[in-house]
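> Structure here, sequence nowhere to be found:
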């Protein structure tokens, strides 16, 4: 177990000094340099190859331009020097809930994690700031050989698996934010499901940004070996801050032949968080990858869960919802690349904008010349709740093989007064009526979620509709 | 002095009418639609309003329910002595007003079962939407309306046929058990079996319960099954005739023209 003093000794006298705050043992001062990157790796006692990837990624990050799409004016407001790149609040990853420090435990108890675990979870990784502090997994999963660890432990205990797949789906050079994440990543989940093992219960992790100016750069890698299946669920809540906060995760999924990975997310970052996430999976022969992705909070989200259909007969699904309120821009969508024959994909995107919020669907689907008989289905629906709000659709389809069958539907609708009156006549206030309509609109997404998430999302949307009638 | 609200309903029913519409003048966007309407419905009574398209029937129904688009210029609407005009639509619903819509609205993604439960909870209280009693009432009502249980997992009015929409309105009425049910052309779009089924539902929820109903219709056929206590004929925003069930037969045989002529004749 590492103490704060040991950690200090490990990196020597850090020029910008340490912060020992009441709930963080180690905190770097804000700002990024090659030394910060090397120090993060050193504190974690990482193998040399990981340090090298981090440094390369850092160099790429400094040279790489910002994306030239999405919301450029919002992106330009990010001050990378103001972000704290490493913070750890508990000195080690705990396996027993009782050993987790009180303060942290209280936070998670408020989030209802132990209770939820009893009912639903196969395992929990709770990420408090940068490190996973609590981790448990049902014994039957362990017995089946399933590995479920925080990413740092995964690297320590299974370096050969991590080395094989790390950056194999999302190279650090993919974009500026994948480079940043690779340079400074901390925490996230590492999951390996052995051949033929079916994890029946959803496996869950909660993430939370809890310190001012805290960047969270978790890194998740899920490898489903041949013929296996897993459903991973990630939920986020965050308190409100006065200054901007950066969340930039990378998630890599590897679905080996005949396997099935479903990755469900509901994020509710506070309205000052930049949520710039790269999520991608590779589906091998007859494998199936599904992203179920809900974006409720944040200031700016740019997230396009993607699937590379590499193996014949593989299948991809991206079901997403986005809610944009005042000052928010949800730039979300999906990317699917059909590289092999007989591959199929389905995209369902639903967005709601309200109080001047902006929702954008940005999608790209490609079919390579060699991929025969592919099927693509894309549906984008937008619901605009008032005249100040905005919804845009940026669909791109590049189909280089004439045997592909493509379907694309898009709709934009508004809530009608007659719909509201109908529901009000059944005893529902105008706000409740709006929430019923909005939750109905999201239902094709919500029904894909585990029950407690669906309930939570419905409650969240009902709260968002409060005070909206005036 | 005591507040009327504090008095038990049984006493109130004896004292004041269930619904009292007095000298109602109303319109929309500056256009006058209703020119002084008076209707009084007692507890246990069923009244009908008949009239041509555009005569103000649906407007009357919408105004009693509290549609925000209409402006009430003058007059009163009271339910058991309580002024409805100052209440929001959902507050009126909680007081016991129910409107079966002429064109029920679709809410994609909102499941029928969930919606019914939520509406009953909102109007009759959380307890009323829970447990065996609710489930039994639901089952019984759906059986009476010939609705399969698979109906509960469909989305509210989404892709419903005309007949399904009307049956669903009546199902809601049967579960919400309103004091006053307004049925706006619930019979249109229904075949004869549908009309009979719906009429059975209306009779069983109103007759002998102390509730009342106002049935808006073009046709006398549904009235053969429901037998209203009174029929009001609405022409150009005014009730020009009130009578018993035989008035419906007269209208069926002779149309509205003879009434119009009669009124014009009377004016001269």
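Perfect, thanks for sending it. As the structure is a prediction and not an experimental result, all values here were calculated from the model.

> burial count for residue 251?
Just so you know, I chose chain A. When neighbours are counted by other C-beta atoms under 10 Å in any protein chain shown, residue A:251 registers 26. The C-beta positions use only the backbone N, C-alpha and C, and glycine is treated the same way.

> right idea, wrong chain: chain B
When counting by other C-beta under 10 Å, one arrives at 22 neighbours for residue B:251.

> Is residue A:149 in a helix, a strand, or coil?
With DSSP: H, G, I helix; E, B strand; the rest coil as the basis, residue A:149 sits in strand.

> what does chain A put close to chain B?
For chain A, the residues in contact with chain B (C-beta under 8 Å from any C-beta of the partner chain) are A:416-419, A:421-430, A:432, A:436-437, A:439-444.

> Most proximal residue of the stretch 1-150 of chain B with respect to chain A?
In the stretch 1-150 of chain B, the residue that lies nearest chain A is residue B:109 (3.0 Å; C-beta to the nearest C-beta).

> Please identify the helix or strand for that residue.
Per DSSP states H and E: residue B:109 is located in neither a helix nor a strand.

> Show the contacting residues for it.
By C-beta atoms under 8 Å, 6 or more residues apart in numbering or on different chains, the contact set of residue B:109 is A:439, A:440, A:441, A:442, A:443, A:444, B:155.

> Tell me the spacing between it and residue B:184.
Going from residue B:109 to residue B:184 by C-beta to C-beta, to the nearest Å gives 25 Å.

> next one: residue A:178
59 Å.

> Give me the more crowded residue out of the two.
Between residue A:178 and residue B:184, counted using other C-beta under 10 Å, residue A:178 has the larger neighbour count: 27 against 23.

> Quick check: phi and psi on the more buried one?
phi -70, psi -30 (degrees, to the nearest 10).

> Then residue B:195?
Main-chain dihedrals, residue B:195, degrees, to the nearest 10: phi -60, psi -40.

> quick one: it and residue B:187 touch, right?
Yes. Using C-beta atoms under 8 Å, residue B:195 makes contact with residue B:187 at a distance of 5.2 Å.

> hey, what's in contact with both of the two?
In contact with both residue B:195 and residue B:187: B:221, B:222, using C-beta under 8 Å, 6+ apart.

> where's the residue nearest to residue B:241 when sequence neighbours are not counted relative to residue B:75, distance?
Spatial nearest neighbour of residue B:241, excluding adjacent residues (C-beta to C-beta, 6 or more residues apart in numbering or on different chains): residue B:233 at 4.3 Å. For residue B:233, the distance to residue B:75 equals 19 Å [C-beta to C-beta].

> Repeat that for residue A:354.
Noted for residue A:354: a distance of 37 Å to residue B:75, by C-beta to C-beta.

> Dig out what residue A:255 forms beta bridges with.
Per DSSP bridges, the residues bridged to residue A:255 are residue A:224, residue A:283.

> Am I right that it is in contact with residue A:280?
No. Residue A:255 lies out of contact with residue A:280 (C-beta under 8 Å); the separation is 11.4 Å.

> the more surrounded of these two?
Under the criterion of other C-beta under 10 Å, the comparison of residue A:255 against residue A:280 puts residue A:255 first, with 33 against 22.

> how much space between that one and residue A:291?
12 Å.

> Find the residues that touch each one of the two.
residue A:281.

> Surely residue A:428 is in contact with residue B:119?
Yes. Counting by C-beta under 8 Å, residue B:119 is a contact partner of residue A:428 at 7.2 Å.

> Name the nearest residue to residue A:185, ignoring sequence neighbours.
According to C-beta to C-beta, 6+ apart, the nearest residue to residue A:185 is residue A:219 (3.8 Å).

> picking that back up, Serialize the contacts of residue B:109 to JSON lines and add fields for distance to residue A:163.
Shown next, in JSON lines, are the contacts of residue B:109 (distance: C-beta to C-beta, whole Å):
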{"residue": "A:439", "distance to residue A:163": "44"}
{"residue": "A:440", "distance to residue A:163": "47"}
{"residue": "A:441", "distance to residue A:163": "44"}
{"residue": "A:442", "distance to residue A:163": "40"}
{"residue": "A:443", "distance to residue A:163": "42"}
{"residue": "A:444", "distance to residue A:163": "39"}
{"residue": "B:155", "distance to residue A:163": "49"}
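
> So which of those is the closest to residue A:30?
Minimum distance to residue A:30 across the contacts of residue B:109 is 36.9 Å, recorded for residue A:442 (C-beta to C-beta).

> helix or strand for the closest one, which one?
Here residue A:442 is assigned to helix A:430-446, by DSSP H and E.

> what sits against residue B:26?
B:32, B:33, B:34, B:59, B:63, B:70, B:71, B:72, B:73, B:75.

> That one pairs with what?
residue B:34, residue B:72.

> how close does it sit to residue B:76?
For residue B:26, the distance to residue B:76 - C-beta to C-beta - is 12 Å.

> For the stretch 51-200 of chain B, list the residues in contact with chain A, please.
Counting by C-beta under 8 Å from any C-beta, the stretch 51-200 of chain B sits next to chain A at B:65-69, B:88-90, B:92-94, B:98-99, B:101, B:103-111, B:115, B:118-119, B:122-123, B:155-156, B:172, B:176.

> Restricted to helices, list these.
Among those, the ones falling in helices (DSSP state H) are B:65, B:89-90, B:92-94, B:115, B:118-119, B:122-123, B:172, B:176.

> follow-up on the earlier one: I'd like the contacts of residue B:26 as JSON lines, with pLDDT appended.
Putting these into JSON lines (pLDDT from 0 to 100) gives the following:
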{"residue": "B:32", "pLDDT": "93"}
{"residue": "B:33", "pLDDT": "95"}
{"residue": "B:34", "pLDDT": "95"}
{"residue": "B:59", "pLDDT": "95"}
{"residue": "B:63", "pLDDT": "97"}
{"residue": "B:70", "pLDDT": "94"}
{"residue": "B:71", "pLDDT": "94"}
{"residue": "B:72", "pLDDT": "95"}
{"residue": "B:73", "pLDDT": "94"}
{"residue": "B:75", "pLDDT": "96"}
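
> Fine, thanks again, bye for now.
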